[in-house]
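Student: Fold the following for me, if possible:
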Amino acid sequence: MEFLVRAENRLPPDTPDEERNRLKKGERARADELRAAGNLKRLWRVPGRNATIGLYECTDATELHDALSSLPMFPWMDITVEAVATHPQEQ
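Tutor: Numbers count the residues shown, from 1 in each chain. Sure, this is the predicted structure:
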């Protein structure tokens, strides 16, 4: 199944730079792992916001939840998910 995932980072502004940098490095490393596993297909930034839009492919919503909750920033993310299906014009 494919899922469109919108995530807004809500990390508190007073988070120390050292912690913020550690979390960013962890996010990149985990995203690389999810890409290698075939779960994270595409990732875009949303201009003007601390947000992303990602295209994930997982066997089901539980696998997607496990992938998203494994992200180091997960506790501070506001996430919305839309399951998507192939449009007939794309076949």
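Student: rest of the way, CA atoms for contacts and neighbours
Tutor: Fine.
Student: Give the next helix or strand downstream of the helix or strand that contains G26.
Tutor: Assigned by DSSP states H and E, G26 falls within helix 17-36. Downstream of helix 17-36, the first helix or strand assigned by DSSP H and E is strand 40-45.
Student: and that next one, which strands flank it?
Tutor: strand 51-57 (antiparallel) (DSSP bridges).
Student: Pull the number of nearby residues for E57.
Tutor: Using other C-alpha atoms under 10 Å, E57 has 22 other residues around it.
Student: how about stretch 25-44: buried residues?
Tutor: 27, 30-31, 34-35, 39-40, 43 (16 or more other C-alpha atoms under 10 Å).
Student: State the pair within these that is farthest apart.
Tutor: E27 and N39 (14.6 Å; C-alpha to C-alpha).
Student: From the contact counts, what lies against the host helix or strand of L64?
Tutor: Per DSSP H and E, L64 falls inside helix 61-69. The contact analysis (3 or more C-alpha pairs under 8 Å, 6 or more residues apart in numbering; DSSP states H and E) places helix 61-69 against no helix or strand.
Student: After it, which helix or strand is next?
Tutor: Heading C-terminal from helix 61-69 (DSSP H and E), you reach strand 77-84.
Student: Name the residues that touch that following strand?
Tutor: Under the contact criterion C-alpha atoms under 8 Å, 6 or more residues apart in numbering, strand 77-84 has outside partners 1-11.
Student: And the residues you listed, which is closest to L23?
Tutor: L11 (9.9 Å).
Student: OK, contacts around the closest one?
Tutor: 73, 76-77.
Student: One more pass at 10 Å, please.
Tutor: Applying C-alpha atoms under 10 Å, 6 or more residues apart in numbering, we find L11 in contact with 20, 23, 50, 73-77.
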